[in-house]
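S.K.: I'll drop the sequence and a predicted model, then ask my questions.
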Amino acid sequence: MAFDLLVKNGTLPDGQKADIAISDGRIDAVDVGITADAAEVIDATGRLVTAPFVDAHFHMDATQSYGTPRVNRSGTLLEGIALWGDLKQVQTRDDIIARALDYCRQAVGKGILAIRSHVDVTDANFRTVDALLEVRDLVRDVLDLQLVAFPQDGWYRAEGAEASVVRALDAGVDVVGGIPHFERTMADGTAAVRAACELAAERGLMVDLHCDESDDPLSRHIETLAAETIRCGLQGRTTGSHLTSMHSMDNYYVAKLLPLIAEAQVSAIPNPLINITLQGRMDSYPKRRGMTRVPELLAAGVTVAFGQDCVRDPWYPLGSGDMLDVAHMGLHVAHMTAPDDMRVAFGMVTEKPAQIMGIDFGLEPGKRGSLVVLDASDPIDALRLRPARLTVVSNGRVVSRTEPAKTDLSVAF
Ligand code: FE2
């Protein structure tokens with residue numbers, strides 16, 4: 001039997017050495033010493049071979065816009081939202097498509113093969129939704145782009161936002177979004193969570209809310225999201241993104257909240273680079289870190305993925321499409337530096353976000369023929385060095401190659 005592609009002798013994230021054979025875009029076999037011919041053979045001896053990187057929280061409509069029309073001076077979430085409000089008045093559909101495709105190329109080169117992007121539906125001209133639906137089609141063969149109907153200015157706070165969410169879903173956007181902490185009152189936030197869950201249940205969709213992205217310990221919309229998930233029968237289909245207020249909540253309350261989140265099978269997506277940057281901005285010292293309680297959520301049995309959120313946009317001046325940067329920051333902020341914890345952090349930018357998005361990536365027969373070969377020996381080395389993604393394979397096809405970095409010292413010791 002001849003395979004389309006054979007990746008020889010790689011080290012899998014669990015430390016096993018194996019060959020991986022791919023045909024017709026799917027993994028055929030994962031075994032030691034596969035001898036059958038293949039149209040293309042990649043020697044991965046001594047190198048980590050992993051399922052693709054996945055970014056389950058991103059903003060593709062805003063990426064690569066840093067400095068347009070000006071930069072965020074205060075560094076806060078709220079100035080970022082105001083700045084985005086200015087930008088969306090002036091950007092064209094073609095601007096958004098060009099920036100998004102530029103980012104997608106960078107992301108694929110870094111081994112990201114699936115992205116869940118929130119798309120702001122409160123743009124009066126609907127350019128953001130139109131543009132990203134086109135981008136989703138353009139990249140489809142290589143990169144899975146899942147879109148969330150996100151009412152950036154509030155489900156109730158922005159006039160007509162609820163109707164815009166419905167319009168976006170009708171146009172083919174995949175997931176119901178929301179931002180309950182940005183509504184005018186806690187009561188409106190609660191109502192927005194309820195409305196999002198009901199809409200998703202009616203249409204058989206998933207929900208992913210920007211939830212409690214705040215330093216206010218009394219921002220408790222995650223509790224409503226969990227309860228509404230159970231009431232609407234959405235277990236396993238809802239996600240709370242950010243959950244930063246949990247960082248500041250009372251421990252007694254969190255002890256009651258965590259089992260509710262786990263029971264409702266609500267997933268959590270903290271975004272470490274952005275949470276550490278935007279939160280705590282009104283603190284003196286000590287300044288809060290702003291990231292949610294990752295080890296505690298994991299211990300409670302909640303599915304947790306690290307997301308990137310922003311690359312060079314109104315909220316964040318940096319970012320490079322590298323999910324290893326995201327996991328590197330995440331494990332520092334969460335104190336996950338024990339070897340087993342670092343391996344868990346690696347899974348939080350590969351298998352866990354794929355699971356949340358419902359994408360069948362994985363290094364097992366029958367799964368999508370998508371993988372990444374890294375210039376590292378294991379996941380911990382990958383996190384430490386954030387090295388070149390030597391070969392990126394999407395659906396059985398090599399889509400990117402990168403040479404390993406090389407330094408020639410001109411001194412002797
Ligand atoms: Fe976000």
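M.R.: Here it is on my side, so go on.

S.K.: use CA for all of it now, contacts and neighbours both
M.R.: OK.

S.K.: can you tell me what sits against stretch 384-398?
M.R.: Stretch 384-398 has contacts (C-alpha atoms under 8 Å, 6 or more residues apart in numbering) with 4-5, 22-26, 108-111, 113, 141-143, 324-325, 328, 368-376, 399-405.

S.K.: cool, stretch 165-178 as well?
M.R.: Outside stretch 165-178, the residues touching it (C-alpha under 8 Å, 6+ apart) are 118, 121, 129, 133, 146-152, 154-155, 192-193, 196-197, 199-200, 205-211.

S.K.: which ones among these map onto helices?
M.R.: In helices, defined here by DSSP state H, the members of the contacts of stretch 165-178 are 129, 133, 192-193, 196-197, 199-200.

S.K.: point out the other helices and strands that the helix or strand harbouring Phe346 packs with.
M.R.: Following DSSP states H and E, the helix or strand that holds Phe346 is helix 339-347. Here helix 339-347 touches helix 323-333, helix 379-385, going by 3 or more C-alpha pairs under 8 Å, 6 or more residues apart in numbering; DSSP states H and E.

S.K.: now the longest one, how far from the chain's geometric center?
M.R.: I take that to be helix 323-333. Taking the mean of its C-alpha atoms, helix 323-333 sits 12 Å from the chain's own mean (C-alpha atoms, centre = their mean, to the nearest Å).

S.K.: re earlier: what's the closest of the helices and strands packed on helix 339-347 to Glu159?
M.R.: Among those, helix 323-333 comes nearest to Glu159, with 34.8 Å by C-alpha to C-alpha.

S.K.: among the contacts of stretch 384-398, name the buried ones.
M.R.: Neighbour-count burial (16 or more other C-alpha atoms under 10 Å) applied to the contacts of stretch 384-398 gives 4-5, 22-23, 25-26, 108-111, 113, 142-143, 324-325, 328, 368-376, 399-401.

S.K.: ok and the helix holding Phe346 relative to helix 323-333, angle-wise?
M.R.: 140 degrees (axes from the mean of the first three to the mean of the last three C-alpha atoms, to 10 degrees).

S.K.: list the buried residues in helix 339-347.
M.R.: 341-347.

S.K.: do the same with stretch 193-205
M.R.: Those would be 193-201, 205, for stretch 193-205 by 16+ other C-alpha under 10 Å.

S.K.: any stretches of this structure with poor pLDDT?
M.R.: Filtered on pLDDT under 70, the chain yields no residues whatsoever.

S.K.: still on that earlier bit, and the contacts of stretch 384-398, which of them are in strands?
M.R.: Among those, the ones falling in strands (DSSP state E) are 4-5, 22-23, 26, 113, 371-374, 399-401.

S.K.: pull the most distant pair out of those residues.
M.R.: Ser23 and Leu374 (21.5 Å).

S.K.: just put the buried residues of helix 339-347 in CSV and tack on distance to Gln89.
M.R.: Formatted as CSV, the buried residues of helix 339-347 follow (distance: C-alpha to C-alpha, whole Å):
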residue, distance to Gln89
Asp341, 44
Met342, 42
Arg343, 43
Val344, 42
Ala345, 38
Phe346, 39
Gly347, 39
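
S.K.: which of the residues you listed sits closest to Leu234?
M.R.: Gly347 (24.2 Å).

S.K.: enumerate every residue touching that closest one.
M.R.: Residues counted as contacts of Gly347 (C-alpha under 8 Å, 6+ apart) are Ala305.

S.K.: could you do Pro295 as well?
M.R.: Contact analysis of Pro295 by C-alpha under 8 Å, 6+ apart lists 334, 336.

S.K.: what does the one 3 residues further on give?
M.R.: Counting by C-alpha under 8 Å, 6+ apart, Leu298 touches Val304.

S.K.: and for Ala201?
M.R.: 232-234.

S.K.: neighbour-wise, give me the winner out of these.
M.R.: Neighbour counts for the contacts of Ala201, by other C-alpha atoms under 10 Å, peak at Leu234, which reaches 22 neighbours.

S.K.: and the gap between the closest residue to it other than its chain neighbours and Lys17?
M.R.: Leaving aside its chain neighbours, Leu234 sits nearest to Ala201 (6.7 Å; criterion: C-alpha to C-alpha, 6 or more residues apart in numbering). According to C-alpha to C-alpha, to the nearest Å, Ala201 and Lys17 sit 43 Å apart.

S.K.: for Asp94, same thing?
M.R.: 46 Å.

S.K.: comparing these two, which shows the higher neighbour count?
M.R.: Neighbours per residue (other C-alpha under 10 Å) separate Asp94 from Lys17, with Lys17 holding more: 22 against 12.

S.K.: quick check: Glu202 vs Leu12, distance?
M.R.: Taken as C-alpha to C-alpha, the span from Glu202 to Leu12 is 41 Å.

S.K.: and Ala305, by the same measure?
M.R.: From Ala305 to Leu12 the distance is 20 Å (C-alpha to C-alpha).

S.K.: likewise for Asp24?
M.R.: 22 Å.
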